[in-house]
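Q: Okay, sequence plus prediction incoming.
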Amino acid sequence: MPGFTQEIHGVVITFFSTASAVGKTIISTNMAAELARQGKKVCLVDFDLQFGDVSNYLQILPQCTSFDLQQAMALQGSNVRAEEYLTPYEYHNVVFYVLAAPTKLEESYNIDADKAAGMIRQLQNVFDYVLVDTTSMFSKLNLELLDLSTIVSFLGIVDFIPTIKNMKIGTDTLKKLNYDKNKIRLILNRSNAKTRISIADVENLLGEPFYHILPNDFQAASRSIQDGVPLVLRSGGSELGDALRDLVARYTNRAYDDVTMDEDEGVSESWLSRIFG
Ligand SMILES: Nc1ncnc2c1ncn2[C@@H]1O[C@H](COP(=O)(O)OP(=O)(O)OP(=O)(O)O)[C@@H](O)[C@H]1O
Ligand SMILES: [Mg+2]
């Protein structure tokens, strides 16, 4: 467990989408691994509270989850150290930490958005990067997470019209939230999957270009899940692994330059009034 004494203010990167199965979990686990490979202190938080897959994708067996952390916070308040509820993922000399999703479905109901946001803020004090895997909905929890994030990776795939319609709802809603324009990064996953819909048409519809494009690579993606080893840690490489490394390089080279780090700027009103006001 990391024994950090000095408080830092880590970068929070949230992985969000308006459709399921677009790659939030595989991309967040790979970005966590790549950042850790580069020597950064990294925590990956599985806030897909009911159906989280991070532990499965990494083949770890957590002893503690966000449910235990929530209970401890309810009893002890700010004396709780969130970092004591994490599970390490280790592969050769690369290590990062996971705040696992509850193991029982009913436990997820006890984790409210405020407590969850408190967990992220605590983890920000001890990690360079806090990566957050989420679910595909504008829930109270996800809206809190979007607000407190430094960067939101909004993921999409171009497959069927309903997915694209939902991506449009997603980008329009994110615009209403009035964030710094560099905070939201539109990422297209599985770009060369068979589809008759053109990427340019989708970009026109969304009103902005994709920030980064990841290729479709079924074999590499499924092998990494089967083996429990993120693609970026594999020697030999794969097109998808390379594109994920490039994505991390872009984030780490530009994160501090591009992103307004003052969390309050432009988002002082609640997300509720910004969406419905
Ligand atoms: N670039 C890719 N190429 C091929 N397959 C991919 C790619 N990205 C993800 N997949 C596959 O798509 C499936 C869904 O990925 P993943 O679980 O990461 O999505 P998700 O957005 O987290 O889904 P959910 O909304 O259910 O949590 C997995 O089987 C994964 O292997
Ligand atoms: Mg997922």
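A: On my side now, so go ahead. Numbers count the residues shown, from 1 in each chain. Ligands and ions are numbered 1, 2, ... in the order given.
Q: Quick check, the residue in the stretch 51-200 of the chain closest to ligand 1?
A: Across the stretch 51-200 of the chain, the shortest distance to ligand 1 (CB to the nearest ligand atom) belongs to R190, at 4.6 Å. Any C-beta I mention is one placed from the backbone N, CA and C, and that applies to glycine too.
Q: Just to check, that residue is in contact with G23?
A: Yes: using CB atoms under 8 Å, R190 is in contact with G23, at 7.0 Å.
Q: so what's in contact with the two at the same time?
A: I157, L214 (CB atoms under 8 Å, 6 or more residues apart in numbering).
Q: Around ligand 2, which positions in the stretch 1-150 of the chain sit nearby?
A: Counting by CB under 5 Å from the ion, the stretch 1-150 of the chain comes close to ligand 2 at K24, T25, D53.
Q: mind listing what the first one touches?
A: Think K24. Here K24 is in contact with F15, F16, S17, D48, D133, T134, S136, L155 (criterion: CB under 8 Å, 6+ apart).
Q: Now, these that are in strands?
A: F15, F16, S17, D133, L155 (DSSP state E).
Q: Look up which residues are beta-bridged to the last one.
A: The reference is to L155. S17, I187 (DSSP bridges).
Q: re the thing from before, which of the contacts of K24 has the largest number of neighbours?
A: F15 (28 neighbours; other CB atoms under 10 Å).
Q: Show me what residue of the stretch 51-200 of the chain gets nearest to ligand 2.
A: Evaluated by CB to the ion, the stretch 51-200 of the chain has D53 as its residue closest to ligand 2, separated by 4.9 Å.
Q: can you give me phi and psi for the nearest residue to that residue once chain neighbours are set aside?
A: Distances taken as CB to CB, 6 or more residues apart in numbering place T25 nearest to D53, at 4.8 Å, with adjacent residues excluded. Here is the backbone geometry of T25 (degrees, to the nearest 10): phi -70, psi -40.
Q: Okay, and Q76 sits in which element?
A: helix 66-76 (DSSP states H and E).
Q: Name the residues of that helix that are buried.
A: S66, F67, D68, L69, Q70, Q71, A72, M73 (16 or more other CB atoms under 10 Å).
Q: And stretch 83-94, by the same measure?
A: Here stretch 83-94 shows E83, Y85, L86, T87, Y89, Y91, V94 as buried, counting by 16+ other CB under 10 Å.
Q: The second one is in contact with D68, isn't it?
A: Yes: taking contacts as CB under 8 Å, Y85 lies within contact range of D68: 5.7 Å.
Q: ok now do the residue in the stretch 1-150 of the chain that ligand 2 sits nearest to, which residues does it touch?
A: Closest contact between the stretch 1-150 of the chain and ligand 2, by CB to the ion, is at T25 (3.3 Å). Applying CB under 8 Å, 6+ apart, one finds that T25 lies in contact with F15, D48, D53, V54, Y57, D133.
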